[in-house]
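In: Please work out how this folds:
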Amino acid sequence: MVNSLVHEALTVRKIAIATVGAILKQQKRPHKKMVIDPVAQALSTSSSASEEGLNPGVRSDNTWHHYDCTHPPTKDEWEKMVFVEKTHWGYYQWPKSFEVYAPMSEQPKLGRSIEELSPGELAIYTAFSDADFVERLIRFLSLEERKGKDKFQSKRFTLFKGLFRNFDDAFLPVLKPHLQRLSEDTQESSQRCLSEIVSALIRGYKHWPYEKIEKLWEFLVPILRTVLGQMTVETIRDWNTCFTAASESRDPRKLYWLLETLMESPIRGDGGSFSDASRLFVLQGCLIQQEWRVPSLLHRLLAYLEQHLTHTYKNVRDRVGNVLSWIFLFDYTMPNGNVTTSPHTQEFASKLLPRLTALKKLVIEGGASASNMEVMEVQSSEDEARQDIIKLSKTVMKWLIGSIGKMFSHVTPEMLQFLPMLAPLETVESDEELSELACLTLACMAQSLMPSHIIPHAIKALEQVAIGTSWHGKCSMLQYMQVMIFYNLYAISQPQYVEQIKNLIVGLLKDERLEVREAAATTLSGLFHCGFFKMDSQLQKDFEKLCKTKLPAKRLRLQDPQFNAEAFYSSIIQRHAGVLGLSACIQSCPYDVPIWMPQILMDLTDHLHDPQPIELTVRKTFSDFRRTHHDNWQEHKQQFTDDQLVILTDLLVSPCYYA
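Out: Residues are numbered from 1 along each chain as shown. Below you'll find the predicted structure:
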């Protein structure tokens with residue numbers, strides 16, 4: 001069977017790889033385990049450890065196996081370490097019977113002589129000790145099978161992992177020249193073969209003695225530095241799988257050399273933007289597997305990435321934002337749990353918010369023309385400071401998008417503080433990337449679930465947008481508000497929250513910008529329709545009062561030289577706000593006629609000849625009413641009096657030319 005590994009037929013080789021890998025699993029030597037008390041272990045390794053309740057999260061009894069290495073472990077330190085392989089052990093509680101591997105001196109011997117091998121082991125040992133056999137095997141494994149479709153193969157990984165696990169470093173002298181050659185070959189198939197062997201080698205040295213592990217890394221580190229600098233689009237996924245598999249369910253202290261090699265200035269610029277983004281990608285894949293056990297590395301990585309938030313290249317910024325979302329993923333405290341020692345979102349946001357406040361006046365320029373039209377555009381000739389702020393905002397939005405999709409918990413108050421700064425960016429036409437990111441960020445934030453204690457922070461952020469100067473931001477905020485309320489309808493339906501939101505929307509109905517008033521009316525109609533707002537008599541009276549705002553006669557407006565145009569425009573806004581409010585009530589019931597609707601329709605008929613845009617709003621309301629109530633009009637008209645029906649017929653039915 002071993003000889004079939006170098007058979008000329010591909011199918012035979014594949015079957016042989018799977019079969020020999022399974023045989024190596026059966027030949028795996030059992031390793032002795034012992035039961036320990038993790039609390040006693042913590043007390044023995046740290047003077048600050050103490051016995052405490054088993055609350056979820058970081059405690060003094062589960063930090064002793066965290067990664068906190070400032071130098072390579074010595075032999076004495078290595079042999080004193082108690083390794084915890086499973087990532088989930090200890091976070092919530094420890095197993096009742098917590099077993100770990102016994103010291104190296106009590107483990108079975110791995111570097112055995114030929115006489116100590118079984119017949120099955122001897123056949124495998126003989127084959128892989130043969131330089132010609134290994135050369136043929138590596139040559140076959142580094143061939144391309146299906147162009148563009150080959151991937152990291154787990155069965156090959158299992159085969160080599162079994163070899164290094166069962167036979168120690170016996171085959172390394174034969175394999176080293178091939179590994180060195182493959183590392184220098186940039187072909188996709190060669191790099192894939194190397195990634196499978198390297199990953200298996202790191203996984204396979206689980207029970208090796210310290211001296212052999214140290215020598216192994218003296219050989220591997222230069223190879224890893226070489227491949228990290230020459231990853232391509234075709235090989236990056238294979239190397240990410242390699243490092244992810246190597247790090248999975250392994251004590252991070254065992255991987256000191258790997259982690260430190262990946263942490264060596266991932267953004268260095270010497271190989272272009274793709275090389276920088278690739279190094280961050282594989283580092284991310286490796287750290288993800290360690291989760292909460294590497295807080296010191298996460299803090300180091302965060303401090304490093306803070307220097308590159310305004311990187312020149314988009315793909316690097318996107319990757320930085322994605323890595324940030326994983327760094328802060330573990331900033332989560334379970335109910336009755338302890339606070340994590342991983343980086344905290346609040347501290348990071350407090351550094352970014354002052355820098356992003358410049359967005360309000362830096363990247364968006366608002367002006368008023370004779371018709372009070374605000375012009376929003378990203379300047380094409382920004383200086384370096386402006387460019388940096390725009391790049392920073394893009395990185396922050398990538399982080400927010402990634403975080404909201406991955407978080408174990410709800411959106412945080414710190415994230416909501418970015419809303420007033422990002423809302424105006426959704427309609428920036430001169431930078432398509434900025435606009436799309438802002439739109440996606442607002443969509444993700446709006447669809448996230450919010451517990452009751454987060455809702456006041458969300459309403460506060462909405463109020464900040466409402467009192468701002470950007471009408472684009474107000475329109476975006478109103479769209480955001482609709483989705484946020486629909487997704488959190490039950491939590492946000494408390495009377496105090498309803499009143500705050502109602503006041504906010506009614507205030508925007510009086511905004512000087514027509515687009516904002518119309519967007520507020522659309523939002524109000526939707527909230528009436530879903531039952532978030534109730535159509536009470538007081539609200540109707542408020543709208544009717546606004547509708548009765550007096551306007552000067554047309555003759556006075558045209559002939560009086562001292563006519564106050566500003567006061568007239570203000571009166572128009574007030575009156576239009578009332579009309580929009582009543583219109584929102586009508587549009588909230590597209591297929592029904594409540595008892596209050598006929599009177600509101602009659603009130604709106606009084607404004608058919610008002611100045612624009614009031615007249616247009618009224619006519620559109622009646623047009624929509626006719627369209628939505630046409631099918632069941634015979635039933636709906638029973639709600640109207642005869643006089644009201646006559647008025648509606650005059651408005652809704654066009655006169656016949658031949659009558």
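In: is it fair to say Val100 lies in a strand?
Out: Yes - secondary structure of Val100 (DSSP: H, G, I helix; E, B strand; the rest coil): part of a strand.
In: doesn't Lys474 make contact with Val465?
Out: Yes - with contact defined as Cβ atoms under 8 Å, Val465 counts as touching Lys474 (6.2 Å). Where you see a C-beta, it was placed from the backbone N, CA and C, and this is true even at glycine.
In: what is in contact with the two at once?
Out: Ala423 (Cβ atoms under 8 Å, 6 or more residues apart in numbering).
In: Can you name the residues that contact Lys176?
Out: For Lys176, the contacting residues are Phe219, by Cβ under 8 Å, 6+ apart.
In: Can you list the buried residues in the helix or strand harbouring it?
Out: Element membership of Lys176, judged by DSSP states H and E, is helix 172-184. Within helix 172-184, the residues that qualify as buried are Leu172, Val174, Leu175, His178, Leu179, Leu182, Ser183, counting by 16 or more other Cβ atoms under 10 Å.
In: likewise stretch 89-102?
Out: Trp89, Gly90, Tyr91, Trp94, Phe98, Val100, Tyr101.
In: what residue ranges in the protein score low on pLDDT?
Out: Residues of the chain meeting the criterion pLDDT under 70: 45-54, 361-382, 552-565, 652-659.
In: At the geometric centre of this protein, which residue do we find?
Out: The geometric centre of the chain, computed from its C-alpha atoms, lies nearest to Gly402 (Cα atoms, centre = their mean), at 1.1 Å.
In: and that one, what is it in contact with?
Out: The contact partners of Gly402, taken as Cβ under 8 Å, 6+ apart, are Gly321, Asn322, Leu324, Ser325, Trp326.
In: can you pull out the helices in the stretch 151-300 of the chain?
Out: In order along the chain, the stretch 151-300 of the chain carries the following helices (DSSP state H, counting those that start in this stretch): 154-167, 172-184, 188-204, 210-228, 236-247, 256-262, 272-290, 295-305.
In: For Met407, which of these is the nearest?
Out: Across the helices of the stretch 151-300 of the chain, Met407 has its closest neighbour in helix 272-290 (14.3 Å, Cβ to Cβ).
In: helices or strands up against that closest one?
Out: If you count contacts as 3 or more Cβ pairs under 8 Å, 6 or more residues apart in numbering; DSSP states H and E, helix 272-290 packs onto helix 210-228, helix 236-247, helix 256-262, helix 295-305, helix 314-327.
In: Spatially, which two of the buried residues of stretch 89-102 are the most separated?
Out: Going by Cβ to Cβ, the pair spanning the buried residues of stretch 89-102 furthest: Tyr91 and Tyr101, at 20.3 Å.
In: Pull the most distant pair out of the buried residues of helix 172-184.
Out: Pairwise distances among the buried residues of helix 172-184 were taken by Cβ to Cβ; the largest, 16.2 Å, belongs to Val174 and Ser183.
In: Surely Pro95 and His88 touch.
Out: No - judged on Cβ under 8 Å, Pro95 makes no contact with His88 at a distance of 10.2 Å.
In: Tell me where the stretch 551-659 of the chain has helices.
Out: Read by DSSP H, counting those that start in this stretch, the stretch 551-659 of the chain holds these helices, from start to end of the chain: 554-559, 565-587, 597-605, 614-629, 633-636, 642-652.
In: And the contacts of the third one?
Out: The reference is to helix 597-605. Looking at what lies outside helix 597-605 - Cβ under 8 Å, 6+ apart - the contacts are 540, 544, 547, 579, 582-583, 585-586, 589, 618, 621-622, 625, 639-641, 644, 647-648, 651.
In: For that helix, C-alpha coordinates in PDB please.
Out: Output of helix 597-605 as PDB, limited to C-alpha atoms (Å, rounded to 0.1, in the frame of the first residue of the first chain):
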ATOM      1  CA  MET A 597     -60.200  60.100   7.500                       C
ATOM      2  CA  PRO A 598     -63.100  61.900   5.800                       C
ATOM      3  CA  GLN A 599     -62.700  65.000   7.900                       C
ATOM      4  CA  ILE A 600     -58.900  65.100   7.200                       C
ATOM      5  CA  LEU A 601     -59.600  64.800   3.500                       C
ATOM      6  CA  MET A 602     -62.000  67.700   3.700                       C
ATOM      7  CA  ASP A 603     -59.400  69.800   5.600                       C
ATOM      8  CA  LEU A 604     -56.900  69.100   2.800                       C
ATOM      9  CA  THR A 605     -59.300  70.400   0.200                       C
END
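In: now that helix: how far from the chain's centre is it?
Out: Here the centre of mass of C-alpha atoms in helix 597-605, compared against the chain's by Cα atoms, centre = their mean, to the nearest Å, lies 48 Å away.
In: Any buried residues in it, and which?
Out: Met597, Pro598, Ile600, Leu601, Asp603, Leu604.
In: rewinding a little: of the helices of the stretch 551-659 of the chain, which approaches Arg300 most closely?
Out: Among the helices of the stretch 551-659 of the chain, the nearest to Arg300 by Cβ to Cβ is helix 565-587 (53.8 Å).
In: That closest one vs helix 614-629, what angle?
Out: Relative orientation of helix 565-587 versus helix 614-629 (axes from the mean of the first three to the mean of the last three Cα atoms, to 10 degrees): 10 degrees.
In: My read is that Gln153 contacts Glu196, right?
Out: Yes - taking Cβ under 8 Å as the definition, Gln153 is a contact partner of Glu196 at 6.4 Å.
In: what about those two, which has more around it?
Out: When Gln153 is set against Glu196 and neighbours are counted by other Cβ atoms under 10 Å, the residue ahead is Glu196, at 25 against 19.
In: I figured the more buried one hits Thr158, correct?
Out: No - assessed by Cβ under 8 Å, Glu196 is found out of contact with Thr158, at 9.6 Å.
In: Make JSON lines out of the buried residues of helix 597-605 and add distance to Val506.
Out: Compiled in JSON lines, the buried residues of helix 597-605 are given as follows (distance: Cβ to Cβ, whole Å):
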{"residue": "Met597", "distance to Val506": "20"}
{"residue": "Pro598", "distance to Val506": "23"}
{"residue": "Ile600", "distance to Val506": "16"}
{"residue": "Leu601", "distance to Val506": "21"}
{"residue": "Asp603", "distance to Val506": "17"}
{"residue": "Leu604", "distance to Val506": "18"}
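In: And these, which is closest to Glu499?
Out: Where these are concerned, and distances follow Cβ to Cβ, Glu499 has its nearest neighbour in Ile600, at 22.2 Å.
In: Tell me how far that closest one lies from Gln540.
Out: From Ile600 across to Gln540, the span is 7 Å (Cβ to Cβ, to the nearest Å).
In: repeat for Lys212
Out: In this structure, Lys212 lies at 84 Å from Gln540, with Cβ to Cβ as the measure.
In: Ser273 is in contact with Tyr313, correct?
Out: Yes - distance between Tyr313 and Ser273: 3.6 Å, which falls inside the contact criterion (Cβ under 8 Å).
In: Check the offset of stretch 477-492 from the chain's centre.
Out: Going by Cα atoms, centre = their mean, where stretch 477-492 is centred and where its chain is centred differ by 20 Å.
In: Buried residues in that stretch, which are they?
Out: Applying a neighbour-count criterion of 16+ other Cβ under 10 Å, one finds Met477, Leu478, Gln479, Tyr480, Met481, Gln482, Met484, Ile485, Asn488, Ala491, Ile492 buried in stretch 477-492.
In: ditto for stretch 313-328
Out: Of the residues in stretch 313-328, those buried (16+ other Cβ under 10 Å) are 313, 316-328.
In: related to what we said a few turns ago, can you list the buried residues of stretch 89-102 in a markdown table and add distance to Gln574?
Out: Conversion of the buried residues of stretch 89-102 to a markdown table gives the following (distance: Cβ to Cβ, whole Å):
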| residue | distance to Gln574 |
| --- | --- |
| Trp89 | 66 |
| Gly90 | 64 |
| Tyr91 | 59 |
| Trp94 | 68 |
| Phe98 | 72 |
| Val100 | 75 |
| Tyr101 | 78 |
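In: quick one: which of those is nearest Ile572?
Out: For Ile572, the nearest member of the buried residues of stretch 89-102 is Tyr91. The distance, counting by Cβ to Cβ, is 62.3 Å.
In: This completes my enquiry, with thanks.
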